[in-house]
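In: sequence and predicted structure, then a few things I'm wondering about:
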Amino acid sequence: MEQPTEQLSFDFKSVQPHIVSETRDEIKLELGAFAGPLDLLLFLIKQEQANIFDIPIAKITDEYLKYIRLMKTLDISLAADFLVMAATLIEIKSKMLLPREIFDEAEEEIEDPRQELIDRLLEHQKFKNAAEMLYERSTVEQAVFTRGQIESDENNLETNASVFDLLTVFQKILERHKEEIKLEIEREEMSLAEMLKHLKAKIFKAKEISLHELFQEMQTRPELVLAFIAVLELVRTENIKLLQRKTFGDVILTKV
Amino acid sequence: MDAEIEEKQSRSIGEIISIVEALIFVAGEPLTVKTLAEVLTEDKETVEAAVEELVQEYEQRESGLQIRAIAGGWQIGTRAEFHEEIRRFLKTRPSAKLSLAALETLAVIAYKQPVTVPEILEIRGVQSASAIKTLLDKRLIVAKGRKETVGRPMQYGTSKDFMIQFGLKDLSELPSIEDFEDLIQ
Amino acid sequence: MDAEIEEKQSRSIGEIISIVEALIFVAGEPLTVKTLAEVLTEDKETVEAAVEELVQEYEQRESGLQIRAIAGGWQIGTRAEFHEEIRRFLKTRPSAKLSLAALETLAVIAYKQPVTVPEILEIRGVQSASAIKTLLDKRLIVAKGRKETVGRPMQYGTSKDFMIQFGLKDLSELPSIEDFEDLIQ
């Protein structure tokens, strides 16, 4: 039988913070319903049964600050956005207290200090409703299933990597590389004598070495330089020579 | 090549319908009329008529399956009313729902696309970085180039997977954002 | 529980046929009558009759699909006579998914271009020859001339196809590490 699925439904209309159990995560989950300060404000306005176009700003500000204090006592880390909103509310509240006459002299339509906040709340509410619509759509959609795997699928998977996959992958490589660099620094670098020994042993075994491949094997710049000097040294002192079988072909190190 | 053209010309409408059905089945993901027309070397109108006919046929015989317009193409899916039996067989549960924060962010992106992170912050009033990361991980949104403004921020939009998972034929099928206005108090 | 049994008893034969069809469709692999009977909590005879009816239905309406008895079970598949069109369709599909090795190599080339094979080796820490061949075959990367250094190795960069496939207007639209850090916070 199916286990009850967690978070199966959101009560979009009445999100109210309450503690379900004593574990800290649960508290977080429930308060998380206030995805942001605008959600909390909308909730408070509704709770006060206030008109969104005529917000009793003093009362709502007090309520808002009370919730923030509650969240703090519950040891919930508050997003900075909640504090920014608190500051905005206090600012609007103080503007509302200023006598209107001061502005009236300008003979212009005075804007309500609350107007910008009201606009934001209205805009935000629209998207909350849109989110609810998306939620309902996805619930319906989850009742429709597509066909199971058939043979031809295995050879024909679509390329579904996005640019973000590229970035994630690249970042992983860089991290991996960082660790390798650390290891390399710790490793003692080869001396010229060691490189000569290494090369001689190699050519004795293989008879021929492609310079291209040899240089590719070198892990660091100093090693590459060392290998280059060692090749010149071997050609000068040993019965070893460089040859190129065709123009622009690979240069080969070979025993005479 | 000639043989192919000849073969094409000899196809009856019934045959075209059958091949369309087979191709939509094989594709798995939504298949566009354009692709169907190309594979069949028939014109788009013929293919469209064939798909319409097929959709009707499935409905009339009260099949356990349906042919649906989704993400700009056509796809076969089971009928929603049998979800209980299918879930019992597949032993699956409805997949984890998106968090409210992720759904809200998705709504903003769906309606305002292409949209940048600061623009989303403006509407939601809250940092949405982790919600955006979740949506990217679930492939519901994709990067849509940079905005030519200070800092050239990355813009986001919804993906094909979004349309599939939310059962949308195309983005114009989303109700207008203004329709959600009158729901306020 | 009781409600379920009641619901079961009220199923018409038509409904049973529809659910059988939906189940065979989602299963992919051959589905036995035994499993079908269990999921439906119907007896085997009823299910067998439903399957027979379904097979007939598919044949009579000359569907592009068929329900076939295979490996002791029932499976849905395309009718053999349309194999040519299906093969043609499968060939037009986007090429196979990139392996992790290929994706890694592509990422290095995208972010470090123009870049040589030894440089890719240094960054990835593993040989990338076959991955590079795959990417060249898929036309996601192209040769960009030789580097004037020891061995004059070939340099590689991303192609126009790469931009199209990843939805990029130009290379500056690739997300940067900074874009990503913003999301992780």
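Out: Ah, there it is.
In: alpha carbons only for contacts and neighbour counts from here, please
Out: Noted.
In: for B:Gln56, give its distance to B:Ile67.
Out: Distance of B:Gln56 to B:Ile67, given as CA to CA, to the nearest Å: 9 Å.
In: the more surrounded of those two?
Out: B:Ile67 (23 against 14; other CA atoms under 10 Å in any protein chain shown).
In: excluding its backbone neighbours, what's nearest the more buried one?
Out: B:Ile76 (4.6 Å; CA to CA, 6 or more residues apart in numbering or on different chains).
In: and B:Ile67, its phi and psi?
Out: In terms of degrees, to the nearest 10, the main-chain angles of B:Ile67 are phi -100, psi 120.
In: give me the domain ranges for the chain.
Out: Picked chain A for this. When chain A is parsed with automatic domain parsing, its domains come out as A:12-100+A:111-141, A:153-255.
In: hm, I was asking about chain B
Out: B:2-87, B:100-184.
In: would you list those in CSV and tack on mean pLDDT?
Out: Output for the domains of chain B, formatted as CSV (pLDDT from 0 to 100):
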stretch, mean pLDDT
domain B:2-87, 90
domain B:100-184, 88
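In: chain A contacts on chain B?
Out: Chain B comes close to chain A at residues B:25-26, B:28, B:76-83, B:93-94, B:96-97, B:100-101, B:103-104, B:106-108, B:123-127, B:136, B:142-143, B:165-167, B:177-178, B:180-181, B:183-184, as judged by CA under 8 Å from any CA of the partner chain.
In: neighbours of residue 72, how many?
Out: All of this is about chain A. Burial of A:Lys72 is recorded as 12 neighbouring residues (other CA under 10 Å).
In: that's the other chain; I wanted chain B
Out: Neighbour number of B:Gly72 under other CA under 10 Å is 17.
In: picking that back up, sticking with the residue nearest to B:Ile67, tell me its helix or strand.
Out: Using DSSP states H and E, B:Ile76 sits within strand B:73-78.
In: that strand - contacts with which helices or strands?
Out: Applying 3 or more CA pairs under 8 Å, 6 or more residues apart in numbering or on different chains; DSSP states H and E, one finds that strand B:73-78 contacts helix B:13-27, strand B:65-70, helix C:13-27.
In: how far off centre is the helix or strand following that strand?
Out: Next helix or strand after strand B:73-78 toward the C-terminus (DSSP H and E): helix B:83-90. With CA atoms, centre = their mean, to the nearest Å as the basis, helix B:83-90 stands 23 Å off its chain's centre.
In: up against chain B, what does the stretch 51-200 of chain A have?
Out: A:79, A:81-82, A:120, A:122-132, A:134-135, A:137-138, A:140-147, A:152, A:162-164.
In: which ones among those residues are found in helices?
Out: A:81-82, A:120, A:122-132, A:134-135, A:137-138, A:140-141, A:152, A:163-164 (DSSP state H).
In: of those residues, buried ones?
Out: A:81-82, A:120, A:122-132, A:134-135, A:138, A:141, A:163-164 (16 or more other CA atoms under 10 Å in any protein chain shown).
In: run through who's touching stretch A:238-250.
Out: A:Ser210, A:Leu211, A:His212, A:Leu234, A:Val235, A:Val251, A:Ile252, A:Leu253, A:Thr254, A:Lys255, A:Val256 (CA atoms under 8 Å, 6 or more residues apart in numbering or on different chains).
In: as JSON lines, those with pLDDT would be great.
Out: Below are those laid out as JSON lines (pLDDT from 0 to 100):
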{"residue": "A:Ser210", "pLDDT": "83"}
{"residue": "A:Leu211", "pLDDT": "80"}
{"residue": "A:His212", "pLDDT": "79"}
{"residue": "A:Leu234", "pLDDT": "80"}
{"residue": "A:Val235", "pLDDT": "78"}
{"residue": "A:Val251", "pLDDT": "77"}
{"residue": "A:Ile252", "pLDDT": "80"}
{"residue": "A:Leu253", "pLDDT": "80"}
{"residue": "A:Thr254", "pLDDT": "82"}
{"residue": "A:Lys255", "pLDDT": "80"}
{"residue": "A:Val256", "pLDDT": "74"}
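In: for PyMOL, what selects the buried ones among those residues?
Out: The buried residues among the contacts of stretch A:238-250 can be selected in PyMOL (16+ other CA under 10 Å) with this line:
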select buried, chain A and resi 210+211+234+251+252+253+254+255
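In: so who does residue 36 touch?
Out: Reading this off chain A. A:Asp81, A:Phe82, B:Arg124, B:Gly125, B:Val126.
In: can you look at chain B instead?
Out: So B:Leu36 contacts B:Val20, B:Leu23, B:Val47 (CA under 8 Å, 6+ apart).
In: helix or strand: which one has it?
Out: Going by DSSP H and E, B:Leu36 is in helix B:33-40.
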